[in-house]
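Asks: show me the folded form of this:
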Amino acid sequence: MNRNKVLGLLGLAEKAGKVRSGEFSTEKAVKSGKAGLVIVSEESSDNTKKMFRNMCTYYKVPYFEFGSKEELGHILGKQMRASLAVIDENFSNALLKHFTAKA
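Replies: Okay, here's the model as predicted:
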């Protein structure tokens, strides 16, 4: 997985207005069926990871743990972010290819 490409795609998705970040917005995107992909920071608490993992399993949304809270927040132009949802199918598919690519 190429970290820079993933971060670049997330930055583009944010500029296009296709990212919902923060726990409340991420949860809302998943439950409303808009989320195509959920990313939770590797630094997030075990409870946060478990909550999103279970929610994504139930709603059949791809779930990944990636980056630090600061890294995710920085790429989105915000403070630290523990979770985000990509709500665009094309961005989600492009990110999925990077997450599932063999090293």
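
Asks: pLDDT below threshold where in the protein?
Replies: Low-confidence segments of the chain (pLDDT under 70): 102-103.

Asks: do that again at 90, thanks
Replies: 1-3, 100-103 (pLDDT under 90).

Asks: do a quick rundown of the strands in it.
Replies: 19-21, 37-40, 63-65, 83-86 (DSSP state E).

Asks: let me know which of the ones you listed is the nearest to residue 57.
Replies: Evaluated over the strands of the chain, closeness to residue 57 peaks at strand 63-65, with 7.4 Å, by CB to CB. Where you see a C-beta, it was placed from the backbone N, CA and C, and this is true even at glycine.

Asks: make CSV out of the strands of the chain and add distance to residue 9.
Replies: Output for the strands of the chain, formatted as CSV (distance: least, CB to CB, whole Å):
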stretch, distance to residue 9
strand 19-21, 10
strand 37-40, 10
strand 63-65, 13
strand 83-86, 9
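
Asks: bridging residues for the most centrally placed residue in the chain?
Replies: Centroid check for the chain by CA atoms, centre = their mean gives residue 39 as the closest residue, at 2.6 Å. As for beta bridges, residue 39 partners with residue 64, residue 84 under DSSP bridges.

Asks: identify the residues contacting it.
Replies: By CB atoms under 8 Å, 6 or more residues apart in numbering, the residues touching residue 39 are 10, 64-67, 72, 83-86, 95.

Asks: residue 75: what's it in contact with?
Replies: Here residue 75 is in contact with 7, 10-11, 14 (criterion: CB under 8 Å, 6+ apart).

Asks: who wins on neighbours among these?
Replies: Sorting the contacts of residue 75 by how many neighbours each has (other CB atoms under 10 Å) puts residue 10 first, at 24 neighbours.

Asks: quick check: closest non-adjacent residue to residue 93.
Replies: Of all residues not flanking residue 93 in the chain, residue 36 sits nearest, at 7.5 Å (CB to CB, 6 or more residues apart in numbering).

Asks: so that neighbour makes contact with residue 64?
Replies: No. Applying CB atoms under 8 Å, one finds residue 36 not in contact with residue 64, separated by 12.0 Å.
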